[in-house]
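> sharing a model that was predicted from the sequence below.
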Amino acid sequence: MDLDRAMTQRRSVRAYLPRPVERAVLEQIIAQARWAPSWGNTQSWEFYVISGETVGRITADLQAAVAAGDDQRPDVEMPLEFPEPLMGRYRTLGMNLFELLGIERDDKEKRLAHYLRNFNAFGAPHLVYIAVRDGLTPYAVFDAGAAAYAVTLAAHQRGVGTCELAALVRYPDLVRRHVDFPAGRRLVIGLALGYPDPDHPANAFQPTRESLDEVATFID
Ligand SMILES: Cc1cc2nc3c(=O)[nH]c(=O)nc-3n(C[C@H](O)[C@H](O)[C@H](O)COP(=O)(O)O)c2cc1C
């Protein structure tokens, strides 16, 4: 697939078929993602690809924590608010997505149900966690971000959908109950991964991007 096309056509997938992705394809995706750049080629990322019943155990615990209103306790500090114009973009995403899904502004029940689906990884049959060692600078998280994007593109190239999900790392201790990560790791991001459900309206969502003028300055 042409790289420009892949970069513009990849979308965050928010509904999956239950069919697992073949092990060989999972391995190809991660093998490809290893080619992401990193500070001094330190490759500070570690990938954990989770399949089978463990996925359901993790997502059940995450959803239960949300339903109980438990305090979130991510390994990497998360934003609570944004300055403008970022906050406006964030709100636009939510508004447009809810409109597409037919969720009214004041329909608290449906909003909560959608929020919970985040913690169910939107029904994906696989989770990919990207971890880095404790004690590294923020550039290790930067490297992990490059690796995460590489996973999304390598998956897209193979017809496999992904969604980077902060939701999957809001309660890292619950994930650790089910996955034996080495000690001293921070869970930076989790990704839902699987074949997209072509019939689900969420997968027709088209996010926007700011114009080039808005985000770029060219200095001659
Ligand atoms: C670090 C990070 C965390 C994210 N967390 C979530 C999330 O918890 N729930 C969600 O639906 N999407 C999440 N996303 C996906 C973004 O909403 C998505 O990338 C953005 O809206 C742009 O859409 P696109 O990926 O389809 O181009 C996350 C993306 C990133 C990079």
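That came in fine, so what should we check first?

> make it CA atoms for all contacts and neighbour counts henceforth
Noted.

> tell me which stretches of this protein form helices.
Ranges of helices in the chain, per DSSP state H, are 3-9, 23-33, 53-67, 86-100, 108-119, 138-157, 172-176, 212-215.

> who wins for proximity to Cys163 among those helices?
Relative to Cys163, the nearest member of the helices of the chain by Cα to Cα is helix 138-157, separated by 7.5 Å.

> now that closest one: average pLDDT?
Averaging pLDDT along helix 138-157 yields 98.

> list the buried residues of the longest strand along the chain.
Looking across the chain with DSSP state E, the single longest strand is strand 185-194. Neighbour-count burial for strand 185-194, counted by 16 or more other Cα atoms under 10 Å, picks out Arg186, Leu187, Val188, Ile189, Gly190, Leu191, Ala192, Leu193, Gly194.

> keep the residues you listed, but drop any that are not near the ligand.
Among the buried residues of strand 185-194, not one lies near the ligand by Cα under 6 Å from any ligand atom.

> give me the neighbour count for Ala67.
Residues near Ala67, counting by other Cα atoms under 10 Å, number 12.

> please apply the same query to Thr8.
8.

> looking at the buried residues of strand 185-194, which is nearest the ligand?
The closest of the buried residues of strand 185-194 to the ligand turns out to be Ile189 (Cα to the nearest ligand atom; 6.5 Å).

> my guess is that closest one contacts Val141, does it?
No. In this structure, Ile189 is not within contact of Val141 by Cα atoms under 8 Å, at 9.2 Å.

> which residues of the protein lie near the ligand?
Residues of the chain lying near the ligand (Cα under 6 Å from any ligand atom): Arg11, Ser12, Asn118, Cys163, Glu164, Leu165, Ala166, Ala167, Pro207.
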